[in-house]
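*Asks:* what would the 3D arrangement of this be:
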Amino acid sequence: MRILYIHQYFATRKGATGTRSYEFGRRWVESGHQVDILTSSAELTQESSHSQVGSAQVGGMGIHVCRIPYDNTMGAGARILRFFLFAIQATLSGARLPKPDVIYATSTPLTVGFPAVLLSWRFRCPLVFEVRDLWPEAPIQLGWLRPAPLKWLARRLERWIYRNSRRVVTLSPGMAEGVIGTGYEAERVAMIPNCSDNDLFDPDFEAEELREREGISGFLAIYCGTLGPANRVRDMIEVCRRLQEAGSSITVAILGTGREEELLRRGVREFDLRNLRVEGERSKLQVRDWIAASDLGLVLFDRVPILETNSPNKFFDYCAGGKPTLINIGGWIADLVEGEAIGFAVRDGSPETVAETLIRAEGDTEELKRMGRRARRVAEERFDRDLLAQRALGILESAFAEDRTGP
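*Replies:* Prediction:
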């Protein structure tokens, strides 16, 4: 098959965001398929080897770039503008590419559905749409989308995209329920969560050189990812205040960037927090080493119901690295963490309880190691990238076959 993969934020392991499209795409190429990636320059401009890319070959895939810069520190207006600019440019650029047999488009943002549907019409080929976050429900619950007319339009757009998709892939059970709740047929929805790159992470690697270089001698908890309002990483200021007051030797390292990065840095200065390190953005390869150096990984979200459906990349990276997870909300990941005994679910999310849980974890290093071994087993048995990439490919092949023969 020839697969057109539309993802606004495509990145390789040299980048600082999720690599799902890169990992899936290169595996599909290895399986004998042709893959064209239609993306923006948002992540590729951060990778020196691709800083001037227009079109290139990466991992056997053709990469076709719409030059639209973007970063997590932008305000809502600037971000929305770039969503629509990409939708327009992707439609025009995609129309000039070779005819695909199937289109695989992944959100967010939801506006990726515009070029996906239009190109599926143009090429008369099936569309498989992947839902990484439940838009527009997520921005509505978070208060980012307030005017009633905009909510109505966004929900109409969501249903229009689903109606024009042969299949919908979601990243969590809650997302699947949300898609089905719009009236989309349940039998056409598949759940393929984010994945663990077990070939990249070595659970036996302890990264002593990094710990020595960074001056880390005690217990290290790490957060890797976006520093936006929805992630509530700002709570770590209060968590670290409590840890410091309790005389704990725990260090918390924050790897990432976003609109709340400066808030964290101000908190460090204002409260003289010697145990909170704001390290800035790191590539996936660098994150791998920091996870190896850590004792526990943090998954943090604001206490908004829709965020309990999330499928956070960082959780699957922690599992691949053989590290337990502390998550601060409920939902399917919290259920998994508790059910498999691979970490701690602090469902009330309060800084006090998070701090108490970290102190308790620091005091039982042997149980932490057992949790970590179980986490790696879960990564291998349930979330291995090879396994889930093949499952996604099967959905594309099924959509292509149905298009030729009829459902």
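*Asks:* for the stretch 101-250 of the chain, what spans make up the strands?
*Replies:* Taking DSSP state E, counting those that start in this stretch as the test, the strands found in the stretch 101-250 of the chain are 102-106, 127-131, 167-170, 189-191, 220-224.
*Asks:* oh, that last question was meant for the stretch 251-400 of the chain, not what I typed.
*Replies:* 251-255, 276-280, 296-299, 325-327, 343-345.
*Asks:* wait, which of the ones you listed is closest to R122?
*Replies:* Of all those, strand 296-299 sits nearest to R122, with 40.0 Å by CB to CB. C-beta: built from backbone N, CA, C; applies to glycine.
*Asks:* next one: the closest one to chain centre, how far?
*Replies:* 15 Å (CA atoms, centre = their mean, to the nearest Å).
*Asks:* what's that strand packed up against?
*Replies:* Secondary-structure packing of strand 296-299 (3 or more CB pairs under 8 Å, 6 or more residues apart in numbering; DSSP states H and E): strand 220-224, helix 313-320, strand 325-327.
*Asks:* which residues does the helix or strand of the chain with the lowest mean pLDDT contact?
*Replies:* Lowest by mean pLDDT, DSSP states H and E among the helices and strands of the chain is strand 55-58, with a mean of 81. Applying CB atoms under 8 Å, 6 or more residues apart in numbering, the contact partners of strand 55-58 are 12, 22, 37, 50, 62-65.
*Asks:* domains of this protein?
*Replies:* Annotated domains of the chain cover 2-195+384-405, 208-382 [automatic domain parsing].
*Asks:* next, format those domains as TSV and append distance to F201.
*Replies:* Formatted as TSV, these follow (distance: least, CB to CB, whole Å):
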stretch	distance to F201
domain 2-195+384-405	11
domain 208-382	4
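*Asks:* for D202, which of those is the nearest?
*Replies:* Of all the domains of the chain, domain 208-382 comes closest under CB to CB, at 7.1 Å.
*Asks:* quick one: low-confidence parts of the stretch 301-407 of the chain?
*Replies:* 406-407 (pLDDT under 70).
*Asks:* can you give me the helices in it?
*Replies:* Ranges of helices within the stretch 301-407 of the chain are 313-320, 332-339, 351-362, 365-382, 385-405, based on DSSP state H, counting those that start in this stretch.
*Asks:* adding distance to L92, write the strands of the stretch 251-400 of the chain out as JSON lines.
*Replies:* Shown next, in JSON lines, are the strands of the stretch 251-400 of the chain (distance: least, CB to CB, whole Å):
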{"stretch": "strand 251-255", "distance to L92": "36"}
{"stretch": "strand 276-280", "distance to L92": "35"}
{"stretch": "strand 296-299", "distance to L92": "38"}
{"stretch": "strand 325-327", "distance to L92": "41"}
{"stretch": "strand 343-345", "distance to L92": "46"}
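*Asks:* could these go into JSON lines alongside mean neighbour count?
*Replies:* Below are these laid out as JSON lines (neighbours: other CB atoms under 10 Å):
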{"stretch": "strand 251-255", "mean neighbour count": "23"}
{"stretch": "strand 276-280", "mean neighbour count": "19"}
{"stretch": "strand 296-299", "mean neighbour count": "25"}
{"stretch": "strand 325-327", "mean neighbour count": "25"}
{"stretch": "strand 343-345", "mean neighbour count": "24"}
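*Asks:* quick one: closest of the helices and strands packed on strand 296-299 to C125.
*Replies:* Of all the helices and strands packed on strand 296-299, helix 313-320 comes closest under CB to CB, at 29.0 Å.
*Asks:* excluding its backbone neighbours, what's nearest E177?
*Replies:* Spatially, and ignoring its direct neighbours in sequence, E177 is nearest to T309 (8.0 Å; CB to CB, 6 or more residues apart in numbering).
*Asks:* go on, F205?
*Replies:* A292 (4.6 Å).
*Asks:* quick one on the thing from earlier: how far off centre is the least confident helix or strand of the chain?
*Replies:* 23 Å.
*Asks:* could you give me the buried positions within it?
*Replies:* V58 (16 or more other CB atoms under 10 Å).
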